[in-house]
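Curious how this folds, go ahead:
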Amino acid sequence: MPTPDRDESKPGRRWPFYVVLFVLFLPMLYVLSIGPAVWLLANGHVSREPLRTLYAPLEWLGDAAPSSRRPLQWYVRLWAAPIPPE
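Residues are numbered from 1 along each chain as shown. The predicted structure is shown next:
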């Protein structure tokens, strides 16, 4: 039986966990979101300029840390092929 001061079911006790999840996963989601964005671009659903602005930090990362460029390019190429016409 949990003691009253160690009761994990209280809503205020879990907020640090959610903050850590947010801080760790938000950058990962940003980086991974470039794939679907490239797919939308390749299939004519969005224009290039807004995506260049939105993902400029990833371009900067590729320039500043050349070791990150190859994995980013590989991931983008996975999404870049347009849908063949039916």
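
helix or strand right after the top helix by length along the chain?
If each helix of the chain is counted by residues according to DSSP state H, the longest one is helix 15-32. Next helix or strand after helix 15-32 toward the C-terminus (DSSP states H and E): helix 34-42.

Give me the contact list for the next helix-or-strand element following that following helix.
Per DSSP H and E, the first helix or strand lying C-terminal to helix 34-42 is helix 48-54. Applying C-beta atoms under 8 Å, 6 or more residues apart in numbering, the contact partners of helix 48-54 are Ala37, Val38, Leu41, Glu59. No exception for glycine: its C-beta is placed from N, CA and C like everyone else's.

circling back to that earlier point, then the longest helix of the chain to CSV, C-alphas only?
What follows is helix 15-32, C-alpha atoms only, in CSV (Å, rounded to 0.1, in the frame of the first residue of the first chain):
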residue,chain,number,x,y,z
TRP,A,15,4.9,16.9,-14.7
PRO,A,16,8.7,16.5,-14.6
PHE,A,17,8.4,13.3,-16.6
TYR,A,18,6.3,15.0,-19.3
VAL,A,19,8.6,18.0,-19.5
VAL,A,20,11.6,15.7,-20.1
LEU,A,21,9.5,13.8,-22.8
PHE,A,22,8.6,17.1,-24.4
VAL,A,23,12.2,18.4,-24.4
LEU,A,24,13.6,15.1,-25.8
PHE,A,25,11.0,14.3,-28.4
LEU,A,26,10.1,17.7,-29.8
PRO,A,27,13.5,18.1,-31.6
MET,A,28,13.3,14.5,-32.8
LEU,A,29,9.9,15.1,-34.3
TYR,A,30,11.1,18.3,-36.0
VAL,A,31,14.0,16.4,-37.7
LEU,A,32,11.7,13.5,-38.7
